Structures are given as C-alpha cells and as structure tokens.
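**Q** one predicted model, sequence on top.
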Amino acid sequence: ETGVTQTPRHLVMGMTNKKSLKCEQHLGHNAMYWYKQSAKKPLELMFVYNFKEQTENNSVPSRFSPECPNSSHLFLHLHTLQPEDSALYLCASSPARGGGENEQFFGPGTRLTVL
Amino acid sequence: LAKTTQPISMDSYEGQEVNITCSHNNIATNDYITWYQQFPSQGPRFIIQGYKTKVTNEVASLFIPADRKSSTLSLPRVSLSDTAVYYCLVGAYNQGGKLIFGQGTELSVKP
C-alpha cells in the first residue's frame, strides 16, 4: 500500500466509449503524474500536475484529457480511444514537482483494454 | 536528460548477491541516481537513491564511483520475491518532474 489508489483496476471499453480513470493520493503531496506502460515497454510520462496546475504534457493525443481538481485527486478522461491505447495506466505522486531527488509513489495502475 | 543503459535481463539463484550496473555517461552535476522496482501489473516502487559514494538501506546498497558515470545496485541474498524489473533513473530537481524510465533489467531469481 503506497498511499496512492486508482480506480478502476481493470477497464474494457469500446472505441466510441467515454470513460474516466481516477487517482487519489493520501500522502499530502503536491505533484501528481500520469504514466502509460504498454506491454514490454518502459513507462512513458504523459502529464504532470504541480499544485493543481498542469506543468507537463508529453505530446499526448487529445483523446486523453487530464483533470486535477485538487492536489489529492487526478483524473484521466478517455474518449474515442484506439486499440493501441490498451496499456497499464499508472498514477504517481511526489512531495513536489521534481525530477531526480523527489521520490514518486505509484498507484497499482488501471489495466485498460480498448476493443 | 542523461540516458541510462542497463542489462536487459539477469538470472540469479536464491541466497545470492545480485549486482545490477547502470551506465549514465552524460550525468549532470545536479542529477541524482534512483532505482525503482516493478512487479508485473503493479506500479514501480522506490528502492534507493544516491548522489555519490555509497548508500545503504534495509533493502539494497547503491555504489557510485567518483566519476558518477555508472552506478551499481546491490541486492543481498535475493529471494524468489525479488523477481522483478529494476529501473535505473537519473534526474535533477530542475527538470520539473521528468522521470525517464528506460527498459530496465528483468531479474529472474530461481530456487
């Protein structure tokens, strides 16, 4: 238990569906992140939020729409996804926006399958 | 951002010490070296972090030579539950949240 929870843990959706992934951290952190991990590939950073403000969008297609209403919650809204978007989506948080020396705490991930 | 290179896979047996070396020739002055562990279908978990020389915690040791162009994660007396992918990352505070994960090293511990 890392203090970062994600729901749902598994999601199957069609290409025309709209769904949302939810992440919540109970650590009092100020930065939150979305990562994508496709099969047998490294994690890819998608979005970074620091104090509710988006500070990084790593060239993510617009069919992925993040939302950060407060420092404890992060959403990833999904619409008109493609089968190649099937992956493990991981949320993480850290005390503050940072790179090397700020430990990131990861949630268990949402396994997304797009049919 | 400094690029890291580590072996794709390693095999070991229970009770052995495992050393995984990571190369980061372009490491910058402000960069820290961090190792994460990831089990299948789970998020990565922080193992250890260092800047120079040697760091030890209850899980592992991290050896960093003076030139900091490489680092070695040492896992003492591994068990089957240490089978996982281990990632070496290099980054600094002023890179604004960028943690660049490479391919990692898939460690397989056998009985």
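**A** Yes, it's here.
**Q** what does chain A put close to chain B?
**A** Selection of chain A residues close to chain B by C-beta under 8 Å from any C-beta of the partner chain yields A:2, A:4, A:31, A:33, A:42-45, A:48, A:50, A:55-56, A:88, A:90-92, A:94, A:97-109, A:111. (Each C-beta comes from the backbone N, C-alpha and C, glycine too.)
**Q** what about the residue of chain B found nearest chain A, neighbour count?
**A** Nearest residue of chain B to chain A (C-beta to the nearest C-beta) works out as B:Gly43 at 2.7 Å. By other C-beta atoms under 10 Å in any protein chain shown, the residues close to B:Gly43 number 23.
**Q** tell me which residues touch it, please.
**A** By C-beta atoms under 8 Å, 6 or more residues apart in numbering or on different chains, the contact set of B:Gly43 is A:Thr2, A:Val4, A:Leu90, A:Cys91, A:Ala92, A:Phe106, A:Gly107, A:Pro108, A:Gly109.
**Q** make it 6 Å
**A** B:Gly43 is in contact with A:Leu90, A:Phe106, A:Gly107, A:Pro108, A:Gly109, counting by C-beta atoms under 6 Å, 6 or more residues apart in numbering or on different chains.
**Q** relative to A:His77, how far out is the third one?
**A** Distance from A:Gly107 to A:His77, counting by C-beta to C-beta, to the nearest Å: 17 Å.
**Q** now the residue of chain B closest to chain A, nearest residue through space, not along the chain?
**A** Leaving aside its sequence neighbours, B:Gly43 sits nearest to A:Phe106 (C-beta to C-beta, 6 or more residues apart in numbering or on different chains; 2.7 Å).
**Q** specify the beta-bridge partners of that neighbour.
**A** A:Ala92 (DSSP bridges).
**Q** just checking, it touches B:Pro44?
**A** Yes. With contact defined as C-beta atoms under 6 Å, A:Phe106 counts as touching B:Pro44 (5.3 Å).
**Q** tell me the centre residue of chain A?
**A** A:Trp34 (2.8 Å; C-alpha atoms, centre = their mean).
**Q** contact partners for that one?
**A** With C-beta under 6 Å, 6+ apart, A:Trp34 has these contacts: A:Met46, A:Phe47, A:Leu76.
**Q** for PyMOL, write the selection for the buried entries among those residues.
**A** Buried subset of the contacts of A:Trp34, written as a PyMOL selection, criterion 16 or more other C-beta atoms under 10 Å in any protein chain shown:
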select buried, chain A and resi 46+47+76
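**Q** could the contacts of A:Trp34 go into CSV alongside pLDDT and distance to B:Tyr36?
**A** Formatted as CSV, the contacts of A:Trp34 follow (pLDDT from 0 to 100; distance: C-beta to C-beta, whole Å):
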residue, pLDDT, distance to B:Tyr36
A:Met46, 94, 17
A:Phe47, 93, 19
A:Leu76, 98, 21
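**Q** now the closest residue to B:Pro7 other than its chain neighbours: how far from B:Ser23?
**A** Closest residue to B:Pro7 apart from its sequence neighbours, by C-beta to C-beta, 6+ apart: B:Thr105 at 5.2 Å. Noted for B:Thr105: a distance of 12 Å to B:Ser23, by C-beta to C-beta.
**Q** quick one, which of these two is more surrounded?
**A** B:Thr105 (21 against 15).
**Q** now do the contacts for the closest residue to chain B within chain A.
**A** Chain B sits closest to A:Phe106 of chain A, with a gap of 2.7 Å, by C-beta to the nearest C-beta. Neighbouring residues of A:Phe106 by C-beta under 6 Å, 6+ apart: A:Leu90, A:Ala92, B:Gly43, B:Pro44.
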